[in-house]
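Student: Give me a 3D structure for the following:
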Amino acid sequence: MDSFYSVDFGQVFAGRRVLVTGHTGFKGGWLSVWLQRLGAHVTGLSLPPDEGPGFFDLCGVEGLVDSRIADIRDADAVHETLRDVDAEIVFHLAAQPLVRYSYRHPAETFATNVSGTAHVLDAAKSMDSLRTVVVITSDKCYDNREWTWGYRENDPLGGTDPYSASKGCTELVANAYANAFFSEPDGPRLATARAGNVFGGGDWGEDRLVPDIVRAAFSGTPLDIRSPSSIRPWQHVMEPLSGYLMLAAALTSQGRNYAGAWNFGPDVSGTVNVRELAGMIQKFWGPEAPKLIFQNEEHSAEPKLHEAGILRLDSTKAQTGLGWKPRLNLPEAINLTTEWYKAQLDGADMLSITRSQIDHYNSLMSETLLSDQVTAAQ
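Tutor: Got it, this is the predicted structure:
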């Protein structure tokens, strides 16, 4: 069995220099904590953290990594900030991640997600020790036809809103760099990773369903829920992160066979509509859960901005090629999330809570790996 197919990912990250862009954000913060727990020496490049009780501040991520602040839209700032960084592995997560924000700030969205990716890859390809680059994009990079089945890695890219189009463009930029600069037989390799709608403890992003519900719970106010019938592939943040880590470990240890695009989506049971997910969060939160008011989509007073109605991912490639699979069903993912936020409300040590949830996820990975080994031996 391949060495990266293990709880510690074959110890690929132990002692290695790893660059994480977007480390002050939600996913980047979780990834930085996990990498530090795996023994990596992490450098982070990002904008300053948003104001408020975000994951970065609550978990003290700044004290775990070499934290550097720069705007990836500024090529000179990126190169200057990373001048002395010689990373072996790069995870590029820094992005403008919000669909509705992209309607208000389309040029900024393209500048961050497209030009910003090129600036990061320019800096990465000049690093002497570089072996692996994983560019994180989105399930929304696909040309959405409102299919009921999942999109596969070889389906057409596209996007009819600025955010989705910017993610399709990000994939094209990454593919161009992969072919032009990361294709030598013994050189570094590049892959892209596409995940679904991710949630988990410490996400305080604006205009996002789970943070909006948690804010309403903290403040004791009702919450209007838009687009309750929209179907999304929901998953806990640790699910795709485990895929990113497995992919980077495989690229680092075995190279070219793992370059290219990879989906890391939930099981079909995790693909539900907004109304169902919101109701499940309300149930797990308990008596203190906020009142949810589901908008009538036909008579909403809000301007109608196009967002995908149905979006699913097919992760067969990751399951067969990497041995990756989701370990949490949707109720388990929601339970972990509500426990995290309730611990924050109680004033707990959130780095310890995060590490304990990573350890719990590792135990689920161990059970899955043992089961797979027994099956393979039969």
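Student: from memory residue 33 sits against residue 64, does it?
Tutor: Yes - Residue 33 is within contact range of residue 64, at 6.6 Å (criterion: Cβ atoms under 8 Å). No exception for glycine: its C-beta is placed from N, CA and C like everyone else's.
Student: need the helices for this protein, in chain order.
Tutor: All helices of the chain, identified by DSSP state H, fall at 26-37, 55-58, 75-81, 99-104, 106-110, 116-125, 162-181, 209-219, 238-254, 274-285, 316-321, 330-345, 350-377.
Student: what about residue 97, how many neighbours?
Tutor: As a burial measure, residue 97 scores 23 neighbours (other Cβ atoms under 10 Å).
Student: Phi and psi next, for the nearest residue to it once chain neighbours are set aside.
Tutor: Of all residues not flanking residue 97 in the chain, residue 205 sits nearest, at 7.1 Å (Cβ to Cβ, 6 or more residues apart in numbering). Here is the backbone geometry of residue 205 (degrees, to the nearest 10): phi -60, psi 150.
Student: what does the one 3 residues further on give?
Tutor: Note on residue 208: backbone dihedrals following degrees, to the nearest 10 are phi -130, psi 140.
Student: show me where pLDDT drops low in this structure?
Tutor: 1, 3, 297-310, 370-378 (pLDDT under 70).
Student: OK, contacts around the nearest residue to residue 105 once chain neighbours are set aside?
Tutor: Leaving aside its sequence neighbours, residue 105 sits nearest to residue 96 (Cβ to Cβ, 6+ apart; 7.5 Å). The contact partners of residue 96, taken as Cβ atoms under 8 Å, 6 or more residues apart in numbering, are 102, 105, 108-109, 112-113, 163, 166.
Student: now swap in residue 222 and tell me
Tutor: Residues near residue 222 by Cβ under 8 Å, 6+ apart: 216, 290-293.
Student: separation between residue 76 and residue 135?
Tutor: Taking Cβ to Cβ, to the nearest Å as the measure, residue 76 and residue 135 are separated by 21 Å.
Student: Please apply the same query to residue 181.
Tutor: Using Cβ to Cβ, residue 181 is found at 13 Å from residue 135.
Student: Common neighbours of these two, please.
Tutor: residue 121.
Student: Who has more neighbours out of those two?
Tutor: Neighbour totals were compared for residue 181 and residue 135, and residue 135 leads with 27 against 17 (other Cβ under 10 Å).
Student: who does residue 42 bridge with?
Tutor: Residue 42 has these beta-bridge partners by DSSP bridges: residue 18.
Student: distance of the residue lying closest to residue 201 once chain neighbours are set aside from residue 349?
Tutor: Excluding its sequence neighbours, the residue lying closest to residue 201 (Cβ to Cβ, 6+ apart) is residue 340, at 2.4 Å. Here residue 340 is placed at a distance of 12 Å from residue 349 (Cβ to Cβ).
Student: More neighbours: those two, which one.
Tutor: Counted by other Cβ under 10 Å, residue 340 and residue 349 do not tie: residue 340 has more neighbours, with 23 against 13.
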